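A.B. asks: Only the shape, not the letters, is given here:
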């Protein structure tokens, strides 16, 4: 245990500016200020819940698990994409500006439409393809799902994605061109391409080797900085470029 | 709407040129980082300051070194590949600041790098033949 305990008694008042957008009332978004009591354990999600319950029930935002695994509570904090539940107000001084995630259409307040991200995700087929060599009830079939720790280690780093979308808000190329498959989708494609049980690489490479696939990435690397699960999408996308280059060379020789 | 795209349409949209540009960009980046500082140090700093032996790069020696197969490779590594590296960066930089169209920028940047490369390598070949 660390000797530096988080203090839950040390309450103070903090100032939160939240970008509001209520399309039923006005087409314009506006900033709303809230003052609320916080202590050292108050997360941004706790603060939003306090606003919703005590100060202003009209505020809309998404959340579910409050422990950085559901990926629902992504917002911009002072312009940086963050998970609300993993962001603590004790780390911020002065005005704290909360906005909906960048590069996505805003539906209401902090709620964005992530449909385009889900489309890109579906396009790369992020699941095992033809993984089961055994037919049901075939006694001569090989044992299924055998994987060595080395084979697991190849893709494990990239398997921790929680689909929160923070990397899409961080990616300037996705901001310029929403057709770009984007960090998380390309990372998950790479994750399944690296999986020894999978046989779908050929299908995925056709998506990855488009201009809107790996080649739209300019290796800015901010996606890896903001990823709350340390997945390192920038590394996955650039390994994907090597794979796409190999895929193209092989396609050239095979004609 | 990617998920509804038929496979033949995907084949049509394959970026067959991008691996080439990216490969030249990567090779150029390595040459830029590894060779160019040494080249600039010797040719652009030590030589003009007179810190190299007087006959290290006199006309006869320099032309003999340049107009040869190693000289051809040297020009390829310190001029042509870095040109393609810079062209790739400029093309993506122009896209980032929304200048021009990517299709045109590609032709201008890589075309420019190719022209200058042909010019540089052509000079070496001309010198080798003369």
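C.D. replies: Done, it's in. It should be emphasised that the depicted structure is a prediction, and the values quoted were computed from it without experimental measurement.
A.B. asks: Chain B contacts on the stretch 101-250 of chain A?
C.D. replies: A:119-120, A:122-123, A:172, A:176, A:181, A:206-207, A:209-211, A:213, A:215, A:218, A:241, A:244-245, A:248-249 (C-beta under 8 Å from any C-beta of the partner chain). Every residue, glycine included, has its C-beta placed from N, CA and C.
A.B. asks: Please verify my assumption that residue A:225 contacts residue A:170.
C.D. replies: Yes - the criterion here is C-beta atoms under 8 Å, and residue A:225 meets it with residue A:170 at 7.0 Å.
A.B. asks: residue contacts, residue A:204?
C.D. replies: A:124, A:125, A:189, A:192, A:193 (C-beta atoms under 8 Å, 6 or more residues apart in numbering or on different chains).
A.B. asks: er, residue B:84 actually
C.D. replies: Each residue near residue B:84 by C-beta under 8 Å, 6+ apart is listed here: B:21, B:24, B:25, B:27, B:28, B:110, B:113, B:117.
A.B. asks: how about the nearest residue to the first one, chain neighbours excluded?
C.D. replies: Across the structure, with C-beta to C-beta, 6 or more residues apart in numbering or on different chains as the measure, the residue nearest residue B:21 apart from its sequence neighbours is residue B:88 (5.7 Å).
A.B. asks: what does the last one give?
C.D. replies: Of all residues not flanking residue B:117 in the chain, residue B:80 sits nearest, at 3.9 Å (C-beta to C-beta, 6+ apart).
A.B. asks: Next one, pLDDT for that neighbour please.
C.D. replies: pLDDT for residue B:80: 97.
A.B. asks: and if you look at residue A:144?
C.D. replies: Residue A:144 is assigned a predicted lDDT (pLDDT) of 63.
A.B. asks: now do residue A:88
C.D. replies: Per-residue pLDDT puts residue A:88 at 96.
A.B. asks: Over to the closest residue to it other than its chain neighbours: give its phi and psi.
C.D. replies: Distance criterion C-beta to C-beta, 6+ apart; nearest residue to residue A:88, sequence neighbours excluded, is residue A:43 at 5.5 Å. When read as degrees, to the nearest 10, the backbone of residue A:43 gives phi -90, psi 170.
A.B. asks: Would you confirm that residue A:43 contacts residue A:91?
C.D. replies: No - checked against C-beta under 8 Å, the pair residue A:43 and residue A:91 is beyond contact range at 10.3 Å.
A.B. asks: between these two, which one's more packed in?
C.D. replies: Ranked by neighbour count (other C-beta atoms under 10 Å in any protein chain shown), residue A:43 and residue A:91 place residue A:43 first, with 20 against 10.
A.B. asks: okay, residue A:225 and residue A:170: which has more neighbours?
C.D. replies: residue A:170 (26 against 14).
A.B. asks: pretty sure the more buried one contacts residue A:233?
C.D. replies: No - using C-beta under 8 Å, residue A:170 makes no contact with residue A:233, being 9.3 Å away.
A.B. asks: so what's in contact with these two at the same time?
C.D. replies: Listed as contacting both residue A:170 and residue A:233 by C-beta under 8 Å, 6+ apart are A:183, A:223.
A.B. asks: so what pLDDT did residue B:24 get?
C.D. replies: What the model reports as pLDDT for residue B:24 is 96.
A.B. asks: would you turn the contacts of residue B:84 into TSV with secondary structure?
C.D. replies: Output for these, formatted as TSV (DSSP: H, G, I helix; E, B strand; the rest coil):
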residue	secondary structure
B:21	helix
B:24	helix
B:25	helix
B:27	helix
B:28	helix
B:110	helix
B:113	helix
B:117	helix
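A.B. asks: ok, and the most crowded of those residues?
C.D. replies: Using other C-beta under 10 Å as the neighbour test, the contacts of residue B:84 are led by residue B:113, with 25 neighbours.
A.B. asks: that's a helix at residue A:81, yeah?
C.D. replies: No - using three-state DSSP, the assignment for residue A:81 is strand, not a helix.
A.B. asks: now it: how far from chain B?
C.D. replies: Per C-beta to the nearest C-beta, to the nearest Å, residue A:81 is found 19 Å from chain B.
A.B. asks: Identify the bridge partners of that residue.
C.D. replies: residue A:76 (DSSP bridges).
A.B. asks: Neighbours of it, how many?
C.D. replies: Residues lying near residue A:81 (other C-beta under 10 Å) number 26.
A.B. asks: quick one, what contacts it?
C.D. replies: Neighbour list for residue A:81: A:74, A:75, A:101, A:102, A:165, A:166, A:167, A:169, A:170, A:226 [criterion: C-beta under 8 Å, 6+ apart].
A.B. asks: I'd like to know how far the fifth one sits from chain B.
C.D. replies: The gap separating residue A:165 from chain B is 17 Å, by C-beta to the nearest C-beta.
A.B. asks: That residue contacts residue A:104, correct?
C.D. replies: Yes - look at residue A:165 against residue A:104 with C-beta under 8 Å: they come within range, at 7.0 Å.
A.B. asks: Neighbour count for those two, which is higher?
C.D. replies: residue A:165 (26 against 21).
A.B. asks: On the pLDDT front, check the more buried one for me.
C.D. replies: For residue A:165, the predicted pLDDT is 97.
A.B. asks: what does residue A:8 give?
C.D. replies: Here the pLDDT value assigned to residue A:8 is 68.
A.B. asks: if I pick residue A:22, what's in contact with it?
C.D. replies: A:58, A:108, A:109.
A.B. asks: The closest residue to the first one other than its chain neighbours is in what secondary structure piece?
C.D. replies: Distances taken as C-beta to C-beta, 6+ apart place residue A:22 nearest to residue A:58, at 7.1 Å, with adjacent residues excluded. According to DSSP states H and E, residue A:22 maps onto no helix or strand at all.
A.B. asks: Run through the helices of chain B in chain order.
C.D. replies: Taking DSSP state H as the test, the helices found in chain B are B:7-12, B:18-34, B:36-39, B:59-66, B:69-75, B:81-96, B:102-129.
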